[in-house]
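Asker: what's the 3D shape of this:
(one chain, ligands or ions: 1)
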Amino acid sequence: MASLYRKFRPETFSAVIGQEHVTKTLINQISTGRIGHAYLFTGSRGVGKTTCARIFAKAINCLDPQDGSPCGKCEVCKALSAPNMDILEIDAASNNGVDDAREIREKVNYPPVNGKYKIYIIDEVHMLTGSAFNALLKTLEEPPAHAVFILATTEVHKLPATILSRCMRFDFRLVSVDEITALICDVYDKEGKKYDLDAIRYIASAAEGSVRDALSIADMCMSFSQGKLTYEQALGALGGVDKSKIRALFTAIATSDCGKCFEAINDLAVSGKSMSLIAKELTFYARDLLLLKTAPKLLVETEEHIAMMKEDLASSSTEFLTTMITLFSSLDAELRYSVSPRIVLETACIRACKLAVTDISALEERVARLERNGVKVADNAEPAAPPADVSMSAPMAWGKVISYFRNNESTRLCTLVGNHRDVEIKNGEFIIRCDDDYLDFCNDATLDALNRAFAYYNIGYKIRIDKISKQDNDKELERLKAMVGKDVKINITK
Ligand SMILES: [Zn+2]
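Answerer: Just a heads-up that it's a prediction; the model follows:
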(Lines give C-alpha, C1' and ligand atoms only; values in the text may rest on other atoms or scores of the structure.)
Protein backbone atom coordinates (compact mmCIF):
# COMPACT_ATOMS: atom_id res chain seq x y z
CA MET A 1 0.00 0.00 0.00
CA ALA A 2 1.31 3.40 -0.94
CA SER A 3 2.07 5.70 1.98
CA LEU A 4 -0.53 8.36 2.75
CA TYR A 5 1.98 11.03 1.84
CA ARG A 6 2.42 9.67 -1.69
CA LYS A 7 -1.22 8.76 -2.11
CA PHE A 8 -2.50 12.20 -1.13
CA ARG A 9 0.22 14.31 -2.71
CA PRO A 10 -1.54 17.36 -4.26
CA GLU A 11 -1.85 17.41 -8.05
CA THR A 12 -3.19 20.97 -8.20
CA PHE A 13 -2.37 24.22 -6.42
CA SER A 14 -5.80 24.32 -4.77
CA ALA A 15 -5.00 21.07 -2.95
CA VAL A 16 -1.79 22.52 -1.45
CA ILE A 17 -2.46 23.70 2.13
CA GLY A 18 -0.98 26.59 4.06
CA GLN A 19 0.95 28.24 1.19
CA GLU A 20 -1.66 30.49 -0.45
CA HIS A 21 0.82 33.39 -0.60
CA VAL A 22 3.04 31.26 -2.87
CA THR A 23 0.46 29.42 -4.96
CA LYS A 24 -1.49 32.61 -5.73
CA THR A 25 1.57 34.26 -7.29
CA LEU A 26 2.48 31.13 -9.25
CA ILE A 27 -1.09 30.80 -10.58
CA ASN A 28 -1.01 34.45 -11.68
CA GLN A 29 2.24 33.89 -13.55
CA ILE A 30 0.77 30.88 -15.34
CA SER A 31 -2.42 32.69 -16.35
CA THR A 32 -0.50 35.73 -17.64
CA GLY A 33 2.18 33.53 -19.25
CA ARG A 34 5.01 35.50 -17.59
CA ILE A 35 7.25 32.61 -16.63
CA GLY A 36 10.66 33.30 -15.11
CA HIS A 37 13.83 31.29 -15.67
CA ALA A 38 14.87 30.76 -12.06
CA TYR A 39 12.78 30.23 -8.92
CA LEU A 40 13.91 29.67 -5.38
CA PHE A 41 11.60 27.80 -2.99
CA THR A 42 12.74 28.02 0.63
CA GLY A 43 11.23 26.72 3.85
CA SER A 44 11.28 23.87 6.37
CA ARG A 45 11.09 20.23 5.38
CA GLY A 46 7.77 18.78 4.35
CA VAL A 47 5.87 22.03 3.77
CA GLY A 48 5.27 21.56 0.03
CA LYS A 49 8.28 22.97 -1.85
CA THR A 50 8.85 19.98 -4.16
CA THR A 51 5.11 19.41 -4.54
CA CYS A 52 4.59 23.01 -5.72
CA ALA A 53 7.63 22.74 -8.01
CA ARG A 54 6.14 19.64 -9.68
CA ILE A 55 2.70 21.19 -10.11
CA PHE A 56 4.25 24.37 -11.51
CA ALA A 57 6.44 22.37 -13.92
CA LYS A 58 3.43 20.52 -15.28
CA ALA A 59 1.17 23.58 -15.34
CA ILE A 60 3.48 25.68 -17.52
CA ASN A 61 3.55 22.86 -20.06
CA CYS A 62 -0.14 21.95 -19.88
CA LEU A 63 -2.15 22.68 -23.01
CA ASP A 64 -5.28 23.59 -21.07
CA PRO A 65 -4.41 24.69 -17.51
CA GLN A 66 -7.38 24.86 -15.11
CA ASP A 67 -7.17 27.81 -12.70
CA GLY A 68 -3.40 27.79 -13.08
CA SER A 69 -3.05 24.07 -12.33
CA PRO A 70 -2.32 21.24 -14.82
CA CYS A 71 -5.49 19.73 -16.29
CA GLY A 72 -4.20 16.17 -15.95
CA LYS A 73 -6.06 15.19 -19.14
CA CYS A 74 -4.21 16.65 -22.13
CA GLU A 75 -1.49 14.67 -23.93
CA VAL A 76 1.34 16.74 -22.36
CA CYS A 77 0.00 16.23 -18.84
CA LYS A 78 -0.27 12.51 -19.51
CA ALA A 79 3.26 12.32 -20.89
CA LEU A 80 4.65 14.29 -17.94
CA SER A 81 2.92 12.02 -15.39
CA ALA A 82 5.23 9.17 -16.41
CA PRO A 83 9.04 9.39 -16.20
CA ASN A 84 10.09 11.86 -18.88
CA MET A 85 12.96 14.01 -20.15
CA ASP A 86 11.30 17.40 -19.64
CA ILE A 87 10.92 17.57 -15.87
CA LEU A 88 14.20 16.59 -14.26
CA GLU A 89 14.57 16.28 -10.52
CA ILE A 90 18.07 16.43 -9.15
CA ASP A 91 18.96 15.81 -5.53
CA ALA A 92 21.87 18.13 -4.85
CA ALA A 93 22.69 16.24 -1.67
CA SER A 94 24.01 13.31 -3.72
CA ASN A 95 24.88 15.15 -6.98
CA ASN A 96 26.77 18.12 -5.64
CA GLY A 97 29.96 18.18 -7.70
CA VAL A 98 31.07 20.49 -10.46
CA ASP A 99 30.67 17.66 -13.03
CA ASP A 100 26.98 17.34 -12.17
CA ALA A 101 26.49 21.07 -12.66
CA ARG A 102 28.39 20.94 -15.97
CA GLU A 103 26.21 18.07 -17.14
CA ILE A 104 23.13 20.20 -16.48
CA ARG A 105 24.73 23.03 -18.44
CA GLU A 106 25.28 20.83 -21.49
CA LYS A 107 21.94 19.01 -21.45
CA VAL A 108 19.81 22.08 -20.81
CA ASN A 109 20.42 23.16 -24.38
CA TYR A 110 18.47 20.20 -25.81
CA PRO A 111 14.88 21.35 -26.36
CA PRO A 112 11.97 19.76 -24.43
CA VAL A 113 10.35 16.64 -25.94
CA ASN A 114 6.71 17.03 -24.95
CA GLY A 115 5.83 20.57 -23.95
CA LYS A 116 7.13 24.10 -24.20
CA TYR A 117 9.51 24.11 -21.22
CA LYS A 118 12.25 21.94 -19.82
CA ILE A 119 12.30 22.16 -16.01
CA TYR A 120 15.11 21.38 -13.61
CA ILE A 121 14.02 20.94 -10.01
CA ILE A 122 17.16 20.98 -7.84
CA ASP A 123 16.39 19.83 -4.30
CA GLU A 124 18.58 20.72 -1.31
CA VAL A 125 20.48 23.12 -3.58
CA HIS A 126 22.54 24.46 -0.65
CA MET A 127 24.51 21.17 -0.73
CA LEU A 128 26.26 22.11 -4.02
CA THR A 129 29.99 22.75 -3.78
CA GLY A 130 31.45 26.18 -4.53
CA SER A 131 32.59 25.25 -8.05
CA ALA A 132 29.25 23.57 -8.77
CA PHE A 133 27.50 26.83 -7.81
CA ASN A 134 29.75 28.71 -10.23
CA ALA A 135 28.93 26.30 -13.06
CA LEU A 136 25.20 26.59 -12.22
CA LEU A 137 25.47 30.37 -12.12
CA LYS A 138 26.77 30.44 -15.72
CA THR A 139 23.66 28.51 -16.81
CA LEU A 140 21.38 30.82 -14.83
CA GLU A 141 23.00 33.88 -16.43
CA GLU A 142 22.26 32.80 -20.00
CA PRO A 143 19.54 30.16 -19.96
CA PRO A 144 18.01 28.91 -23.21
CA ALA A 145 14.45 30.24 -23.70
CA HIS A 146 12.90 26.84 -22.89
CA ALA A 147 14.71 26.33 -19.56
CA VAL A 148 13.18 26.87 -16.09
CA PHE A 149 15.13 26.21 -12.90
CA ILE A 150 13.40 25.63 -9.57
CA LEU A 151 15.87 25.54 -6.71
CA ALA A 152 14.56 24.22 -3.41
CA THR A 153 16.32 24.51 -0.07
CA THR A 154 15.77 24.32 3.67
CA GLU A 155 18.87 26.43 4.34
CA VAL A 156 18.70 29.54 2.20
CA HIS A 157 21.44 31.31 4.18
CA LYS A 158 23.97 28.86 2.69
CA LEU A 159 23.34 30.06 -0.88
CA PRO A 160 25.77 32.53 -2.48
CA ALA A 161 24.36 36.02 -3.10
CA THR A 162 25.06 35.65 -6.83
CA ILE A 163 22.57 32.77 -7.02
CA LEU A 164 20.00 34.52 -4.80
CA SER A 165 20.03 37.62 -6.99
CA ARG A 166 19.13 35.58 -10.10
CA CYS A 167 16.10 33.85 -8.58
CA MET A 168 12.53 34.79 -7.83
CA ARG A 169 12.24 33.81 -4.19
CA PHE A 170 9.22 32.18 -2.49
CA ASP A 171 9.25 31.54 1.25
CA PHE A 172 7.13 28.58 2.33
CA ARG A 173 5.81 28.83 5.87
CA LEU A 174 5.15 26.19 8.51
CA VAL A 175 1.60 24.91 8.22
CA SER A 176 -0.71 25.63 11.17
CA VAL A 177 -2.08 22.90 13.43
CA ASP A 178 -5.63 23.76 12.32
CA GLU A 179 -4.79 23.34 8.63
CA ILE A 180 -2.96 20.06 9.23
CA THR A 181 -5.81 18.78 11.42
CA ALA A 182 -8.33 19.48 8.67
CA LEU A 183 -6.10 17.71 6.14
CA ILE A 184 -5.62 14.56 8.23
CA CYS A 185 -9.34 14.38 9.04
CA ASP A 186 -10.04 14.59 5.31
CA VAL A 187 -7.49 11.86 4.54
CA TYR A 188 -8.88 9.58 7.28
CA ASP A 189 -12.43 10.17 6.00
CA LYS A 190 -11.36 9.23 2.47
CA GLU A 191 -9.64 6.10 3.78
CA GLY A 192 -12.80 5.20 5.73
CA LYS A 193 -10.98 5.32 9.05
CA LYS A 194 -12.70 6.48 12.25
CA TYR A 195 -10.95 8.80 14.71
CA ASP A 196 -11.25 11.03 17.77
CA LEU A 197 -10.61 14.68 16.93
CA ASP A 198 -8.27 14.88 19.94
CA ALA A 199 -6.07 12.19 18.43
CA ILE A 200 -5.82 14.02 15.09
CA ARG A 201 -5.02 17.32 16.84
CA TYR A 202 -2.30 15.59 18.78
CA ILE A 203 -0.77 14.21 15.56
CA ALA A 204 -1.01 17.64 13.91
CA SER A 205 0.77 19.40 16.76
CA ALA A 206 3.45 16.70 16.95
CA ALA A 207 4.29 17.33 13.27
CA GLU A 208 5.45 20.89 14.10
CA GLY A 209 4.25 22.46 10.85
CA SER A 210 5.40 19.78 8.43
CA VAL A 211 2.67 18.21 6.28
CA ARG A 212 4.93 15.33 5.31
CA ASP A 213 5.70 14.48 8.95
CA ALA A 214 2.01 14.81 9.85
CA LEU A 215 0.99 12.34 7.15
CA SER A 216 3.73 9.85 8.07
CA ILE A 217 2.62 9.99 11.72
CA ALA A 218 -1.02 9.64 10.63
CA ASP A 219 0.05 6.64 8.55
CA MET A 220 1.84 5.06 11.50
CA CYS A 221 -1.14 5.64 13.80
CA MET A 222 -3.45 4.12 11.22
CA SER A 223 -1.50 0.87 11.17
CA PHE A 224 -1.22 1.02 14.96
CA SER A 225 -4.95 0.90 15.66
CA GLN A 226 -7.48 -1.50 14.17
CA GLY A 227 -10.77 0.25 14.96
CA LYS A 228 -11.24 3.91 15.79
CA LEU A 229 -8.08 5.92 16.45
CA THR A 230 -8.23 7.26 20.01
CA TYR A 231 -6.20 9.93 21.75
CA GLU A 232 -4.54 7.27 23.92
CA GLN A 233 -3.51 5.26 20.86
CA ALA A 234 -2.01 8.33 19.20
CA LEU A 235 -0.13 9.07 22.44
CA GLY A 236 1.09 5.50 22.60
CA ALA A 237 2.21 5.48 18.96
CA LEU A 238 4.22 8.68 19.48
CA GLY A 239 5.48 7.83 22.97
CA GLY A 240 3.83 10.99 24.32
CA VAL A 241 2.67 11.73 27.86
CA ASP A 242 -0.97 11.72 28.88
CA LYS A 243 -1.99 15.34 29.52
CA SER A 244 -4.21 14.42 32.47
CA LYS A 245 -1.20 12.90 34.27
CA ILE A 246 0.94 16.00 33.66
CA ARG A 247 -2.00 18.08 34.88
CA ALA A 248 -2.16 16.02 38.07
CA LEU A 249 1.53 16.76 38.70
CA PHE A 250 1.08 20.45 37.94
CA THR A 251 -1.94 20.74 40.23
CA ALA A 252 0.00 19.00 43.02
CA ILE A 253 2.78 21.58 42.69
CA ALA A 254 0.46 24.58 42.39
CA THR A 255 -1.43 23.52 45.53
CA SER A 256 1.92 22.68 47.19
CA ASP A 257 0.86 19.13 47.95
CA CYS A 258 4.20 17.30 48.19
CA GLY A 259 2.60 13.89 48.73
CA LYS A 260 0.53 14.19 45.54
CA CYS A 261 3.70 15.28 43.70
CA PHE A 262 5.43 12.00 44.56
CA GLU A 263 2.32 10.06 43.57
CA ALA A 264 2.00 11.86 40.23
CA ILE A 265 5.68 11.30 39.39
CA ASN A 266 5.36 7.65 40.33
CA ASP A 267 2.28 7.33 38.14
CA LEU A 268 4.17 8.76 35.15
CA ALA A 269 7.28 6.67 35.85
CA VAL A 270 5.21 3.48 36.01
CA SER A 271 3.80 4.22 32.54
CA GLY A 272 7.39 4.24 31.29
CA LYS A 273 7.97 7.96 30.78
CA SER A 274 11.50 9.26 31.25
CA MET A 275 12.14 12.01 33.78
CA SER A 276 13.40 14.40 31.06
CA LEU A 277 10.19 13.88 29.09
CA ILE A 278 8.12 14.65 32.20
CA ALA A 279 10.15 17.81 32.89
CA LYS A 280 9.73 18.85 29.26
CA GLU A 281 5.97 18.24 29.26
CA LEU A 282 5.61 20.11 32.55
CA THR A 283 7.46 23.08 31.03
CA PHE A 284 5.18 22.99 28.00
CA TYR A 285 2.10 22.80 30.20
CA ALA A 286 3.18 25.86 32.23
CA ARG A 287 3.93 27.61 28.96
CA ASP A 288 0.47 26.74 27.59
CA LEU A 289 -1.14 28.15 30.74
CA LEU A 290 0.86 31.33 30.32
CA LEU A 291 -0.31 31.50 26.72
CA LEU A 292 -3.91 30.96 27.81
CA LYS A 293 -3.51 33.84 30.24
CA THR A 294 -1.81 36.30 27.91
CA ALA A 295 -2.50 35.33 24.28
CA PRO A 296 -5.30 32.72 24.23
CA LYS A 297 -5.69 33.01 20.45
CA LEU A 298 -2.31 31.35 19.93
CA LEU A 299 -3.19 28.33 22.02
CA VAL A 300 -4.16 25.25 20.05
CA GLU A 301 -6.27 23.06 22.29
CA THR A 302 -9.71 21.50 22.37
CA GLU A 303 -12.51 23.27 24.27
CA GLU A 304 -12.50 20.49 26.81
CA HIS A 305 -8.80 20.89 27.58
CA ILE A 306 -9.07 24.67 27.75
CA ALA A 307 -11.86 24.38 30.33
CA MET A 308 -9.62 22.17 32.48
CA MET A 309 -6.63 24.47 31.99
CA LYS A 310 -8.68 27.44 33.21
CA GLU A 311 -9.05 25.68 36.57
CA ASP A 312 -5.27 25.40 36.89
CA LEU A 313 -4.82 28.95 35.73
CA ALA A 314 -6.93 30.20 38.62
CA SER A 315 -4.38 28.94 41.13
CA SER A 316 -1.23 30.14 39.37
CA SER A 317 0.07 33.66 38.92
CA THR A 318 2.13 34.76 35.93
CA GLU A 319 5.19 34.89 38.15
CA PHE A 320 4.69 31.35 39.41
CA LEU A 321 4.30 30.09 35.83
CA THR A 322 7.46 31.81 34.59
CA THR A 323 9.38 30.45 37.58
CA MET A 324 8.08 26.96 36.78
CA ILE A 325 9.21 27.32 33.17
CA THR A 326 12.67 28.53 34.19
CA LEU A 327 13.04 25.81 36.81
CA PHE A 328 11.95 22.85 34.70
CA SER A 329 13.51 23.90 31.40
CA SER A 330 16.90 24.25 33.09
CA LEU A 331 16.71 20.69 34.47
CA ASP A 332 17.54 19.03 31.17
CA ALA A 333 21.33 18.80 31.53
CA GLU A 334 21.10 17.84 35.18
CA LEU A 335 18.64 15.04 34.38
CA ARG A 336 20.79 13.76 31.57
CA TYR A 337 23.96 13.38 33.62
CA SER A 338 22.46 12.47 36.96
CA VAL A 339 22.77 8.91 38.30
CA SER A 340 19.27 9.22 39.73
CA PRO A 341 17.20 11.51 37.52
CA ARG A 342 14.06 10.65 39.44
CA ILE A 343 15.41 12.24 42.63
CA VAL A 344 16.47 15.33 40.65
CA LEU A 345 12.94 15.73 39.31
CA GLU A 346 11.30 15.05 42.65
CA THR A 347 13.51 17.61 44.40
CA ALA A 348 12.72 20.19 41.73
CA CYS A 349 8.99 19.57 42.19
CA ILE A 350 9.23 19.99 45.96
CA ARG A 351 11.15 23.23 45.46
CA ALA A 352 8.43 24.39 43.08
CA CYS A 353 5.86 23.50 45.77
CA LYS A 354 7.59 25.88 48.17
CA LEU A 355 7.55 28.61 45.55
CA ALA A 356 3.82 28.10 45.18
CA VAL A 357 3.42 28.61 48.94
CA THR A 358 5.29 31.93 48.93
CA ASP A 359 3.41 33.06 45.84
CA ILE A 360 1.04 35.42 47.67
CA SER A 361 -0.99 36.53 44.67
CA ALA A 362 -1.70 32.92 43.72
CA LEU A 363 -2.78 32.17 47.30
CA GLU A 364 -5.15 35.12 47.20
CA GLU A 365 -6.56 33.87 43.92
CA ARG A 366 -7.05 30.41 45.41
CA VAL A 367 -8.84 31.79 48.46
CA ALA A 368 -11.06 33.91 46.22
CA ARG A 369 -11.88 30.85 44.11
CA LEU A 370 -12.71 28.73 47.15
CA GLU A 371 -14.99 31.49 48.43
CA ARG A 372 -16.69 31.73 45.07
CA ASN A 373 -17.32 27.99 45.29
CA GLY A 374 -19.10 28.48 48.59
CA VAL A 375 -16.26 27.51 50.91
CA LYS A 376 -15.99 29.97 53.77
CA VAL A 377 -12.36 30.68 54.42
CA ALA A 378 -12.47 32.03 57.94
CA ASP A 379 -9.45 33.61 59.54
CA ASN A 380 -9.32 30.96 62.22
CA ALA A 381 -9.95 28.08 59.83
CA GLU A 382 -6.28 27.96 58.85
CA PRO A 383 -3.84 26.64 61.44
CA ALA A 384 -2.23 29.63 63.12
CA ALA A 385 0.99 30.61 61.37
CA PRO A 386 4.07 30.59 63.59
CA PRO A 387 4.84 34.12 64.79
CA ALA A 388 7.18 35.98 62.50
CA ASP A 389 10.75 36.12 63.72
CA VAL A 390 11.93 39.62 64.70
CA SER A 391 14.89 38.51 66.81
CA MET A 392 17.35 38.12 63.94
CA SER A 393 20.21 40.58 63.53
CA ALA A 394 20.58 42.42 60.23
CA PRO A 395 23.72 40.51 59.11
CA MET A 396 22.10 37.19 60.02
CA ALA A 397 18.90 37.98 58.11
CA TRP A 398 20.93 39.20 55.16
CA GLY A 399 22.98 35.99 55.22
CA LYS A 400 19.76 34.02 54.90
CA VAL A 401 18.62 36.22 52.01
CA ILE A 402 21.91 35.56 50.23
CA SER A 403 21.63 31.79 50.65
CA TYR A 404 18.00 31.88 49.49
CA PHE A 405 18.98 33.83 46.39
CA ARG A 406 21.80 31.41 45.68
CA ASN A 407 19.34 28.51 45.55
CA ASN A 408 16.36 30.12 43.93
CA GLU A 409 17.14 33.24 41.96
CA SER A 410 19.14 34.24 38.88
CA THR A 411 22.92 34.65 38.96
CA ARG A 412 22.51 38.37 38.42
CA LEU A 413 20.39 38.77 41.55
CA CYS A 414 22.74 36.49 43.54
CA THR A 415 25.68 38.73 42.67
CA LEU A 416 23.64 41.80 43.50
CA VAL A 417 22.74 40.68 47.05
CA GLY A 418 26.07 38.88 47.52
CA ASN A 419 28.01 42.12 47.00
CA HIS A 420 25.79 44.33 49.08
CA ARG A 421 26.48 44.98 52.76
CA ASP A 422 24.71 48.22 53.65
CA VAL A 423 21.72 46.88 55.61
CA GLU A 424 20.27 47.79 58.96
CA ILE A 425 17.27 47.01 61.17
CA LYS A 426 15.50 50.04 62.65
CA ASN A 427 12.02 50.32 64.17
CA GLY A 428 10.99 46.89 62.91
CA GLU A 429 12.05 47.72 59.36
CA PHE A 430 14.82 46.00 57.44
CA ILE A 431 16.47 48.84 55.55
CA ILE A 432 18.54 48.22 52.45
CA ARG A 433 20.49 51.31 51.52
CA CYS A 434 21.66 51.54 47.99
CA ASP A 435 23.41 54.16 45.96
CA ASP A 436 23.56 54.49 42.18
CA ASP A 437 25.59 51.27 41.83
CA TYR A 438 22.82 49.22 43.39
CA LEU A 439 19.79 50.71 41.67
CA ASP A 440 18.79 47.19 40.61
CA PHE A 441 17.37 46.79 44.09
CA CYS A 442 14.82 49.42 43.27
CA ASN A 443 12.62 47.33 41.03
CA ASP A 444 9.54 45.26 41.76
CA ALA A 445 11.05 41.95 40.66
CA THR A 446 13.95 42.27 43.11
CA LEU A 447 11.63 43.41 45.88
CA ASP A 448 9.33 40.44 45.22
CA ALA A 449 12.30 38.09 45.39
CA LEU A 450 13.44 39.68 48.68
CA ASN A 451 9.94 39.26 50.09
CA ARG A 452 9.97 35.61 49.05
CA ALA A 453 13.28 35.10 50.87
CA PHE A 454 11.85 36.76 54.01
CA ALA A 455 8.70 34.67 53.80
CA TYR A 456 10.76 31.52 53.29
CA TYR A 457 12.74 32.08 56.51
CA ASN A 458 9.78 33.64 58.32
CA ILE A 459 11.71 36.85 58.93
CA GLY A 460 9.27 39.33 60.43
CA TYR A 461 10.71 42.68 59.39
CA LYS A 462 9.16 44.85 56.72
CA ILE A 463 11.56 45.57 53.87
CA ARG A 464 12.41 49.17 53.04
CA ILE A 465 14.75 50.20 50.27
CA ASP A 466 16.45 53.56 50.78
CA LYS A 467 17.92 55.20 47.77
CA ILE A 468 20.97 57.35 48.40
CA SER A 469 22.44 59.10 45.45
CA LYS A 470 26.17 59.86 45.23
CA GLN A 471 25.20 63.53 45.46
CA ASP A 472 23.64 62.95 48.90
CA ASN A 473 26.86 61.29 49.98
CA ASP A 474 28.87 64.29 48.87
CA LYS A 475 26.51 66.72 50.63
CA GLU A 476 26.74 64.73 53.81
CA LEU A 477 30.52 64.79 53.52
CA GLU A 478 30.51 68.59 53.10
CA ARG A 479 28.26 68.97 56.13
CA LEU A 480 30.53 66.77 58.25
CA LYS A 481 33.60 68.63 57.04
CA ALA A 482 32.04 71.97 57.97
CA MET A 483 31.22 70.61 61.40
CA VAL A 484 34.66 69.32 62.30
CA GLY A 485 36.79 71.85 60.44
CA LYS A 486 38.46 71.95 57.06
CA ASP A 487 41.70 70.25 57.93
CA VAL A 488 40.27 66.99 58.99
CA LYS A 489 40.23 64.21 56.44
CA ILE A 490 37.19 61.99 56.49
CA ASN A 491 37.05 58.58 54.89
CA ILE A 492 33.68 57.14 54.37
CA THR A 493 33.90 53.44 53.88
CA LYS A 494 31.17 51.34 52.48
ZN1 LIG B 1 -2.90 19.43 -19.28
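Asker: where is the longest helix in this protein?
Answerer: helix 275-294 (DSSP state H).
Asker: tell me which other helices or strands that one touches.
Answerer: helix 243-254, helix 258-270, helix 303-314, helix 318-329, helix 332-337, helix 341-358 (3 or more CB pairs under 8 Å, 6 or more residues apart in numbering; DSSP states H and E). (Each C-beta comes from the backbone N, C-alpha and C, glycine too.)
Asker: and the third one, what does it pack onto?
Answerer: If I follow you right, that is helix 303-314. Helix 303-314 packs on helix 243-254, helix 275-294, helix 360-372, going by 3+ CB pairs under 8 Å, 6+ apart.
Asker: now do the buried residues in the helix or strand where residue 78 lies.
Answerer: Residue 78 is part of helix 75-81 when elements are defined by DSSP states H and E. Judged by neighbour count (16 or more other CB atoms under 10 Å), helix 75-81 contains these buried residues: 76-77, 80.
Asker: kindly report the residues of the chain close to the ion.
Answerer: 62, 70-71, 74, 77 (CB under 5 Å from the ion).
Asker: and those residues, which is closest to residue 187?
Answerer: residue 70 (21.8 Å; CB to CB).
Asker: what's the closest non-adjacent residue to the closest one?
Answerer: residue 58 (3.8 Å; CB to CB, 6 or more residues apart in numbering).
Asker: can you tell me the SS state at the one you found?
Answerer: helix (DSSP: H, G, I helix; E, B strand; the rest coil).
Asker: that one contacts residue 77, correct?
Answerer: Yes. Counting by CB atoms under 8 Å, residue 77 is a contact partner of residue 58 at 6.2 Å.
Asker: how about the strands in the chain?
Answerer: 38-42, 87-91, 118-123, 147-153, 168-171, 423-426, 429-434, 462-467 (DSSP state E).
Asker: how near is the residue nearest to residue 70 to residue 446?
Answerer: According to CB to CB, to the nearest Å, residue 58 stands 64 Å off from residue 446.
Asker: comparing those two, which shows the higher neighbour count?
Answerer: residue 58 (24 against 21; other CB atoms under 10 Å).
Asker: if I look at residue 400, how far off is residue 354?
Answerer: Residue 400 is 15 Å from residue 354, by CB to CB.
Asker: so where is this structure shaky, pLDDT-wise?
Answerer: Within the chain, the segments meeting pLDDT under 70 span 1, 358-370, 372-386, 437, 470-473, 476-477, 480-481, 483-494.
Asker: rewinding a little: save the residues of the chain next to the ion as CSV, and put in distance to residue 173 too.
Answerer: CSV is the format used below for the residues of the chain next to the ion (distance: CB to CB, whole Å):
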residue, distance to residue 173
62, 27
70, 24
71, 28
74, 32
77, 29
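Asker: what sits against the residue in the stretch 251-400 of the chain that the ion sits nearest to?
Answerer: Minimum separation of the stretch 251-400 of the chain from the ion (CB to the ion) falls at residue 300, amounting to 38.5 Å. Residues in contact with residue 300 (CB atoms under 8 Å, 6 or more residues apart in numbering) are 177-178, 201, 205.
Asker: farthest pair in those residues?
Answerer: So, the contacts of residue 300 by CB to CB: farthest apart are 178 and 205, at 10.2 Å.
Asker: what distance do you get for residue 453 to residue 344?
Answerer: 23 Å.
Asker: ok, now residue 187?
Answerer: From residue 187 across to residue 344, the span is 42 Å (CB to CB).
Asker: quick check: domain ranges of this structure?
Answerer: 4-171, 177-238, 243-372, 394-472 (automatic domain parsing).
Asker: now the terminal residues of the second one, how far apart.
Answerer: Which is domain 177-238. 17 Å (CA to CA, to the nearest Å).
Asker: isn't residue 325 right up against residue 285?
Answerer: No. Counting by CB under 8 Å, residue 325 stays clear of residue 285, with 9.7 Å between them.
Asker: so if I had to pick from these two, which one is more boxed in?
Answerer: Neighbours per residue (other CB under 10 Å) separate residue 325 from residue 285, with residue 285 holding more: 22 against 18.
Asker: in contact with that one, which residues?
Answerer: By CB under 8 Å, 6+ apart, the neighbours of residue 285 are 243, 246-247, 250.
Asker: one more: residue 40?
Answerer: By CB under 8 Å, 6+ apart, the neighbours of residue 40 are 125, 150-153, 156, 159, 163-164, 167-170.
Asker: return the closest of the residues you listed with respect to the ion.
Answerer: residue 150 (18.6 Å).
Asker: show me the common contact partners of residue 58 and residue 77, please.
Answerer: residue 70.
Asker: nearest to residue 101 among the helices and strands packed on helix 303-314 would be which one?
Answerer: helix 275-294 (43.4 Å).
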